[in-house]
Every structure is written in structure tokens, then in C-alpha cells.
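Visitor: requesting a structural model of the entry that follows:
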Amino acid sequence: MGAPVHGLTAKTQTSLEEVKRNTKRHRRHLMGNSISRYYFLFSILALCLVLGLVIVFIGKTALLLFTRISPQDFFFSFNWTPEEEAFGAAAFIVNTLSLTALTLVIAVPISVGMAVLCAEIAPNWLKSFIRPVLDLLVGIPSIVYGYLGLTVLLPFLRRVSGEGLGDGLLAAALVLALMVLPTICRISDDAIVAVPRKYRDAAYALGSTRLQVIMRVVLPAASRGIISAVILGMTRAVGETMAVVMVIGNTPQLAKSLFAPTSVLTSNIVMQISNVEFDSTWNYSLHMMAFLLLLISFVLILIIRLLGRKRRDA
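Guide: Numbers count the residues shown, from 1 in each chain. Predicted structure coming up:
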């Protein structure tokens, strides 16, 4: 009778040791989870703090402008001559919107067409070539695009148009279109690939051609993803600076033609911010331009979030 008791005692000790090990392991997991949770919470709070400081600093400095000039003079006047205390930013706002619209007119059809090619038409070997090239184009610094526009595109536009300079909205739009094209194309490609296969099969079963399936089934089903891609491309086009500065001409005037040297919000800020005193109306005007760009980016990102939520609900 002694041997079974001894064996039972050994098993009990082994079970207790196993319980202790499991308890220690569980405590380590709980501690790791707590540390991870607090770390992620701290990261989110730090990010919100930095973002809030940026908004407060830029917004506070920008709003000081309206203690010296009226909002009407800033937003609706085309007269930008800081030396004469005239700070009308309407020309820069109109030029920015015009440049963004022209960029999207050039880039969106090409981008969506390439996305359809990659997702629906191209063979696998071509897809494996196009997609890495697009990913590579996304990572190229903007100043490289600006340098290519300055040294290659502007001389070409001078020869084609007969203009003396070639700077202006068209050159800037072509450079920006090349920059946003990979972003729009890759995100649209992912949106098209995510369309369920059963949609295509049902359309083919009804006798639709490939073109009809793409135009009437695939693209409408992927429309929210494509719109999100276009908006992301728009945010980059609105906020791009160095590439635009190198090809637009940087003349503070309303663009009356595609080849007239002009300026937009970003280029005007970067060209003049280093030459002004902090406590001056000129500096406050430039900060208001930056604040406008920040608001535009927030609005566009909010639209993307709303589209994404509607897509998940659907």
C-alpha cells in the first residue's frame, strides 16, 4: 500500500509544479499584455499631442492675421504685394485648386486604366513586372521628379509650345500626375482585385463580354476604393512642394494660361517663409496658407474614412 501512496504524492507534486509554471507563465503574459497596452496607449496619446500642437501652433499664428486684415481681403483679393501691405491669397487658392484639378484630369484615367490592366487583363508575368515598378515609383523622392521636370520636361514644353519659359500649371500638373499615378493605380488595383469572383462569373453567365464585365460590374463594385485612391492622390497633389517649386515659375499671379509662370499655396510658402519676421502680417498670411492646406488634408482624409466605413457596412 506504500508504493501507490508514494506514486500519488509524486504525481501531486508534479501537478503542483505544473500549476506554478502555468501561473508564472500566465502572469508574464498578463504583464506583457499590460505593458503593450500602456505602450500603445502612450503612443496614441503622444501622436495626438503632437498633432494637436501642430494644429494649435499653426492655427493660433494663422488666426492672428485677422487682427490686422479682414478675412475678405485675404480670401477674395488677388493682390499679393506684401511690400505694400496687400495680402490677398485668392490667386494662390485658385491656382492650387486649378493645379489639383488638372493633375487629376491627367492622372486618374491613366491610373485607373493601368489598374484595370493589372487586375483584369494582363498576364501574370506582366503583373509581376508592373506592380514592383509602381511600388518603386511611389518611393522616389519628390525632388527627383522636380529635377526631371526642370531638366527634361520644361525644355520639351518650350519646343512644343513655342513659349519662352514653359513654366506654369501644365508643367507642374504633368510632374504631379507622374507622382500620384503610382498611388492611385496601386490602391485602385487592390480595390478591383477585392471584388468577389462571383460577380464576374454571374456577368459572364449572362453573356456579358469582358469589357462589359469590367465597365458595368467590376468598376462600379470597386468604386469606393477607387474614389479613396483618387482622394489620396489629391492630398499628395495639394500638399506637394519641392517638385512644384522647381517647375511652376513661382510668380505670385493668377494663372491665365497653362504656360504662364504662377504660384500655388505650397510654393509661395516655401519661397517666402524664410524672408519674413515672425511677428508680421506677412508671416501670419503664410501661416494661414499652411492652415488652409492642413484643413484641406483633414477634410479629404475624413472623406476617405467615411467612404471606408460605408464600404464595410455594405
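Visitor: quick check: buried residues in the host helix or strand of Phe75?
Guide: Using DSSP states H and E, Phe75 sits in helix 71-76. Neighbour counts over helix 71-76 (16 or more other CB atoms under 10 Å) mark 73-74 as buried. Every C-beta, even on glycine, is put in place using the N, C-alpha and C of the backbone.
Visitor: which is the succeeding secondary structure element to that helix?
Guide: Trace forward from helix 71-76 with DSSP H and E and the next one is strand 80-81.
Visitor: quick one: the strands in this structure, in order.
Guide: 80-81, 86-87 (DSSP state E).
Visitor: what's the closest of these to Ile214?
Guide: The closest of the strands of the chain to Ile214 is strand 80-81. By CB to CB, the value is 46.9 Å.
Visitor: ok, and what's touching that closest one?
Guide: Under the contact criterion CB atoms under 8 Å, 6 or more residues apart in numbering, strand 80-81 has outside partners 86-89, 91-92, 252, 268.
Visitor: out of these, which comes closest to Ala222?
Guide: Phe92 (35.2 Å).
Visitor: and the closest one, how far from Ser280?
Guide: 18 Å (CB to CB, to the nearest Å).
Visitor: quick one, which of these two is more surrounded?
Guide: Phe92 (25 against 12; other CB atoms under 10 Å).
Visitor: report the contact partners of the more buried one.
Guide: 80, 252, 263-265, 268, 289.
Visitor: now render these as TSV, adding distance to Ser188 and pLDDT.
Guide: Listed next are the contacts of Phe92 as TSV, based on distance: CB to CB, whole Å; pLDDT from 0 to 100:
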residue	distance to Ser188	pLDDT
Trp80	38	91
Pro252	36	86
Ser263	31	91
Val264	26	91
Leu265	27	91
Asn268	32	90
Met289	31	92
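Visitor: from the residues you listed, which land in helices?
Guide: 265, 268, 289 (DSSP state H).
Visitor: contacting residues for the closest residue to Leu137 other than its chain neighbours?
Guide: Ranked by CB to CB, 6 or more residues apart in numbering and with sequence neighbours excluded, the top spatial neighbour of Leu137 is Pro182, at 4.1 Å. If you count contacts by CB under 8 Å, 6+ apart, Pro182 has them with 134-135, 137-138.
Visitor: ok, of those, which come out buried?
Guide: Neighbour-count burial (16+ other CB under 10 Å) applied to the contacts of Pro182 gives 134, 137.
Visitor: nearest to Leu157 among the contacts of Pro182?
Guide: Leu137 (21.4 Å).
Visitor: quick one, what contacts the closest one?
Guide: 178, 181-182.
Visitor: ok, so of the contacts of Phe92, who is nearest Ala173?
Guide: Val264 (10.9 Å).
Visitor: can you find the helix or strand in the protein with the smallest mean pLDDT?
Guide: Sorting the helices and strands of the chain by mean pLDDT, DSSP states H and E puts helix 2-63 at the bottom, at a mean of 78.
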